[in-house]
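Visitor: generate a structure from the sequence data that follows.
(one chain, ligands or ions: 1)
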Amino acid sequence: MYSHATKDTGFSNLADRLGNQAVRNDATKGTGAHEPVDRPKGRALPSDATNRATASPTAISNHTSRSNTTPGEAASTSTTRLGALAEKLAREHTLADDEYRALISGRTPELAKRLAELARVAREPIYGTRVFTRGLIEISNICKNDCLYCGIRRSNHNVKRYRLEPETIVACAREGHELGFRTIVLQGGEDGFYTDEVLAGIVEQIAAACPDSAITLSMGERSRTSYKRLFDAGATRYLLRHETATPQHYEQLHPANMRWERRMQCLRDLREIGYQVGAGFMVGSPYQTIDHLVAEMRFIERFKPEMCGIGPFIPHHDTPFAHEPAGTLELTLYLLSMIRLIHPHVLLPATTALGTIDPRGREKGMLAGANVVMPNLSPIAVRKNYELYDNKICMGEESAICRGCLARRMASVGHELVVDRGDFR
Ligand code: SF4
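Guide: Now for the predicted structure:
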């Protein structure tokens, strides 16, 4: 069952604290200690992206010591010390900032293996090797926003836009239920068509058709009143990636009209209303530094989201970040293990993006401590139009085939795909 035990874990002041963290980071500007080399100042613009492609300000995934350690620091940090930090994280679920920094920047394949073992041990008494499925229905690729990393951003005029009718959405949910899905996720851009009345109506119909299923919404930022209305209609979970725990980094990934403080307020509203809340961020997103990742770990520690979706950043060819390097499988898996150790109860997806950058990315995600997969239930005809990033997988498989494929994939690494709501425990 969803527990409110962590509800008030200091989140009321989280924005301030993270803001202060960011200020502390900014205070080091000019020292070179906390910023990528050649990092351009100010908000990213389309023309910046091309320049940054060669400057490569963001490739922490590929250059582990790039941002916050001197070249020799990682090498000189003993394996024994880092191993001890991994054990400490498993035991205490927290580290000091410099310890987080050392553990991330000093990572090695051996350390990753040890962290993954510890993550599986932490997961075992809570979820075992059971893998929960979420049937994802991408209900609209129309969005009023212009997030710089997103393939369906408003400014991308090469996207063929679509919007599913309420009856189509309910039919997809019914089909998913028949196939064994006990969580339905409705995800879409911030599309004004889905007013509270329309969306609440869809939620009510799905709740009536699939009474033993959980309904999750992932429909972006809405008012507290709207969230409450949808909760009362029967939605009990909400996914809203925070994208980055550092306000300045948020500004570099979003246009000026989108505010980090607003995103945090939405997360607070959702939590207070009673939703199981899913947050998350991209690994290796443009401008991301090791200090940003330390802030992510701290955010998870304090907010304790019931779900945390992290996946590698994958550039989309029609965005300002088209030429940015993708995040890596290796760092994503490493962070999955760390997150499991920080918050053993978290529901942790092995994302489709992870399966996109590596054919066995989702299986490897399970071995790193994940326990959720989110196959696509959208009508095949529209799936290719919901391309948030390039080369997204599973665009053409029938839902039943997809579920069977995933079950085999999970079994191949000793995990079991189950028919279960997969509630937070
Ligand atoms: S990330 Fe979400 S809110 Fe941003 S442009 Fe894409 S669909 Fe819209």
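Visitor: please count neighbours and contacts with C-alpha atoms only from this point.
Guide: Fine.
Visitor: for residue 362, what are its contacts?
Guide: 350-352, 354-355, 373 (CA atoms under 8 Å, 6 or more residues apart in numbering).
Visitor: at 7 Å instead, please
Guide: Taking CA atoms under 7 Å, 6 or more residues apart in numbering, we find residue 362 in contact with 350-351, 354-355.
Visitor: kindly report the same for residue 301.
Guide: Listed by CA under 7 Å, 6+ apart, the contact set of residue 301 reads 342-343.
Visitor: pLDDT averaged over the helix or strand where it lies - what is it?
Guide: Assigned by DSSP states H and E, residue 301 falls within helix 290-303. Per-residue pLDDT over helix 290-303 has a mean of 98.
Visitor: do the same with stretch 185-192
Guide: 97.
Visitor: can you give me the buried ones in it?
Guide: 185-191 (16 or more other CA atoms under 10 Å).
Visitor: show residues contacting that stretch.
Guide: The contact list for stretch 185-192 (CA under 7 Å, 6+ apart) reads 134-144, 215-220.
Visitor: again, only using 6 Å
Guide: Defining contact as CA atoms under 6 Å, 6 or more residues apart in numbering, one finds that stretch 185-192 is touched by 135-144, 216-220.
Visitor: any idea how far apart the tips of that stretch sit?
Guide: Start and end residues of stretch 185-192 are separated by 19 Å (CA to CA, to the nearest Å).
Visitor: is the ligand within reach of it?
Guide: Yes: using CA under 6 Å from any ligand atom, we find that stretch 185-192 touches the ligand at 189-190.
Visitor: among the contacts of stretch 185-192, which are in strands?
Guide: 135-140, 216-218 (DSSP state E).
Visitor: now those in a markdown table, with distance to the ligand?
Guide: Below are these laid out as a markdown table (distance: CA to the nearest ligand atom, whole Å):
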| residue | distance to the ligand |
| --- | --- |
| 135 | 18 |
| 136 | 15 |
| 137 | 14 |
| 138 | 10 |
| 139 | 11 |
| 140 | 9 |
| 216 | 16 |
| 217 | 13 |
| 218 | 9 |
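Visitor: which of the residues you listed has the largest number of neighbours?
Guide: With neighbours taken as other CA atoms under 10 Å, the top of the ones in strands among the contacts of stretch 185-192 is residue 135, carrying 29 neighbours.
Visitor: for the closest residue to the ligand within the stretch 251-400 of the chain, which non-adjacent residue is closest in space?
Guide: With CA to the nearest ligand atom, the shortest gap between the stretch 251-400 of the chain and the ligand falls at residue 388, namely 6.8 Å. Distances taken as CA to CA, 6 or more residues apart in numbering put residue 151 closest to residue 388, at 4.2 Å, once the chain neighbours are dropped.
Visitor: of the contacts of residue 362, closest to residue 322?
Guide: The closest of the contacts of residue 362 to residue 322 turns out to be residue 354 (CA to CA; 18.4 Å).
Visitor: what does the stretch 51-200 of the chain have sitting close to the ligand?
Guide: By the rule CA under 6 Å from any ligand atom, the part of the stretch 51-200 of the chain lying against the ligand is 143, 145-147, 150, 152-153, 189-190.
Visitor: most neighbours of all those residues, which one?
Guide: Using other CA under 10 Å as the neighbour test, those are led by residue 152, with 30 neighbours.
Visitor: show me the contacts for that residue.
Guide: residue 388.
Visitor: switch to 8 Å and redo it
Guide: Contacts of residue 152 by CA under 8 Å, 6+ apart are 141-143, 159, 386-388.
Visitor: same deal with residue 233?
Guide: Contact analysis of residue 233 by CA under 8 Å, 6+ apart lists 200-201, 203-204.
Visitor: go on, residue 356?
Guide: 391-393.
Visitor: local confidence estimate at residue 334?
Guide: 98.
Visitor: hmm, residue 110 and it touching each other?
Guide: No: if you go by CA atoms under 8 Å, residue 334 and residue 110 don't touch, sitting 11.0 Å apart.
Visitor: name the residue in the two with the higher neighbour count.
Guide: Remark: of residue 334 and residue 110, residue 334 carries more neighbours, 23 against 11, as counted by other CA under 10 Å.
Visitor: that one falls within a helix, correct?
Guide: Yes: judged by DSSP: H, G, I helix; E, B strand; the rest coil, residue 334 forms part of a helix.
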